[in-house]
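>>> Just to be clear, the model below is a prediction. Sequence and coordinates:
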Amino acid sequence: MKRVFSGVQPTGNIHIGNYLGALKQFVELQQDHDCVYCIVDLHSITMPQDPKVLRENIMDVAALYLAIGLDPKKSIIFVQSMVPGHTELAWILMCNSYTGELSRMTQFKQKSRDSESAPTGLFTYPILMAADILLYDTDVVPVGNDQKQHIEITRDLAERVNNKYGKTFVVPDGRFLKEGARIMSLDDPTAKMSKSAENIHSRISLLDDTNKIKKSIMRSTTDSEGTIHYDMGSKPGISNLLNIYSAFSGLGVVEIEKKYEGRGYGDFKKDLVDVTVEAILPIQQRYHEIRKSQELIDILKDGAEKANTISEKTLTRVKEKFGLGL
Ligand code: AMP
Ligand code: TRP
């Protein structure tokens, strides 16, 4: 079976874009892949974090992972900082990366804004990500398009080391999302739904209550035409809502258009509230059952142990190739 690895930062507000674009795939991949899913807390401290909130966010993501259907019997689920191999391999890879290639990363350029006081960790972020992936001999990395550059540098590093030291790493492939899987912001359908947007009604978080979901959908931006018809170019608002409706109901967009022929946006939005709540409620129920449980802690400890076993094996191989240690 092919090995899958992916990670999500514990930065709060996991929304339906994250779910439909990424997390749902994680669940599907479990069926015929050997999956490793990580909560990348070390990546999240490249930006300032409140320690108490970070801990809570880590547990929130872990509970959500399980609530959406990740199965600890099939997948390894763990917290990055509990497996020391990630930072160790990152150092070794850093010594084989170039400051030039890291300077070209768009995420670094965006987040550092040329500031002299940008954290060094923000600069080396892609190397830690490469270490996450290469540590597990990963074949496939399911991620959003925004991660393309990071996957490229991971592949470059793996090939560079393989050329220099002999076959050391598996060269991984990215598995990128289809355009339709991109969920847009509810208040500005030309921008991606995001965790950090100021307006909470721009997104539906997986942990929003029914009232909040209703408010966000009912006030979402549409157009003045009044016909429920898919056209991302001229009707991005309604098209985005159609995508969400389709993803949660399993109905095709054309079928939904037919169903709402001659009906108004109000009707459609009301039904979309029901469809969304119906899809999210079981996830929330499972989340609340597990969030404060000992079971969750046990699963993460067990996951870290399994991850550590693989990590140590890889590092032994890498150190051997590099002539490190005894
Ligand atoms: P992030 O929110 O940047 O931590 O992203 C976590 C995962 O969710 C990544 O694989 C993203 O590509 C994916 N993702 C984030 N926002 C969206 C969105 N609006 N639509 C679809 N996928 C998304
Ligand atoms: N950089 C990824 C993001 O922001 C998170 C991440 C860290 C990741 N390490 C990874 C994703 C390894 C896939 C594989 O979405």
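Right, received. Where do you want to start? Since the structure is predicted, the reported quantities are computational estimates derived from the model, not experimental observations. Ligands and ions are numbered 1, 2, ... in the order given.

>>> Point out where the stretch 151-300 of the chain drops to low pLDDT.
178-180 (pLDDT under 70).

>>> Tell me if stretch 18-31 is near ligand 2.
No - against ligand 2, stretch 18-31 shows no contacts by C-beta under 6 Å from any ligand atom, the least distance being 7.8 Å. C-beta here means a position set from N, CA and C on the backbone, and glycine is covered the same way.

>>> residues making contact with that stretch?
With contacts defined as C-beta atoms under 8 Å, 6 or more residues apart in numbering, stretch 18-31 is touched by 4, 6, 8, 14, 35, 37, 64-65, 68-71, 74-75, 140, 142-144, 175, 177, 181-183, 195, 206, 244, 247.

>>> correct me, but residue 2 touches residue 137?
No - the criterion here is C-beta atoms under 8 Å, and residue 2 misses it with residue 137 at 10.1 Å.

>>> Next, count neighbours for the residue in the stretch 1-150 of the chain that ligand 2 sits nearest to.
Going by C-beta to the nearest ligand atom, ligand 2 is nearest to residue 7 of the stretch 1-150 of the chain, at 3.4 Å. With neighbours defined by other C-beta atoms under 10 Å, the count for residue 7 comes to 23.

>>> wait, it sits on residue 132?
Yes - in this structure, residue 7 is within contact of residue 132 by C-beta under 8 Å, at 5.9 Å.

>>> residues bridging contact with those two, i.e. touching both?
Common contacts of residue 7 and residue 132 (C-beta under 8 Å, 6+ apart): 38, 40, 80.

>>> Please report how far the first one lies from ligand 1.
The gap separating residue 38 from ligand 1 is 12 Å, by C-beta to the nearest ligand atom, to the nearest Å.

>>> ok now do that residue, which residues does it touch?
By C-beta under 8 Å, 6+ apart, the residues touching residue 38 are 5-8, 78-80, 132, 307.

>>> what about it, helix or strand, and which?
For residue 38, the element it lies in under DSSP states H and E is strand 34-39.

>>> just to revisit the earlier point, turn the contacts of residue 38 into TSV, including secondary structure and pLDDT.
Output for the contacts of residue 38, formatted as TSV (DSSP: H, G, I helix; E, B strand; the rest coil; pLDDT from 0 to 100):
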residue	secondary structure	pLDDT
5	strand	98
6	strand	97
7	strand	96
8	strand	95
78	strand	98
79	strand	98
80	helix	99
132	helix	98
307	helix	98
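
>>> which one of these has the most neighbours?
residue 132 leads the contacts of residue 38 on contacts (other C-beta under 10 Å) with 27 neighbours.

>>> residues near the residue of the chain found nearest ligand 1, how many?
Of all residues in the chain, the one sitting closest to ligand 1 is residue 144 (1.6 Å; C-beta to the nearest ligand atom). Using other C-beta under 10 Å, residue 144 has 16 neighbouring residues.

>>> So what does it have for phi and psi?
phi -80, psi 160 (degrees, to the nearest 10).

>>> Can you verify my assumption that it contacts residue 177?
Yes - at 5.6 Å, residue 144 and residue 177 qualify as touching, with contact defined as C-beta under 8 Å.

>>> where along the chain do the helices fall?
Along the chain, counting by DSSP state H, helices occupy 16-18, 24-29, 41-44, 51-67, 85-94, 99-103, 106-112, 120-135, 148-165, 210-218, 236-249, 253-259, 265-290, 294-322.

>>> Quick check: which of those helices is nearest to residue 226?
Closest approach to residue 226 among the helices of the chain is made by helix 265-290 (6.5 Å; C-beta to C-beta).

>>> ok, back up a step: the more surrounded of residue 2 and residue 137?
Counting neighbours by other C-beta under 10 Å for residue 2 and for residue 137 shows that residue 137 has the greater number, 17 against 13.

>>> Does the more buried one touch residue 4 like I think?
No - Residue 137 is beyond contact range of residue 4, at 11.2 Å (criterion: C-beta under 8 Å).

>>> ok, how many other residues are close to residue 301?
Per other C-beta under 10 Å, the neighbour tally for residue 301 reads 13.

>>> got the contact list for the closest residue to it other than its chain neighbours?
Once flanking residues are discounted, residue 301 sits nearest to residue 82: 7.9 Å by C-beta to C-beta, 6 or more residues apart in numbering. Applying C-beta under 8 Å, 6+ apart, we find residue 82 in contact with 300-301, 304, 307-308.
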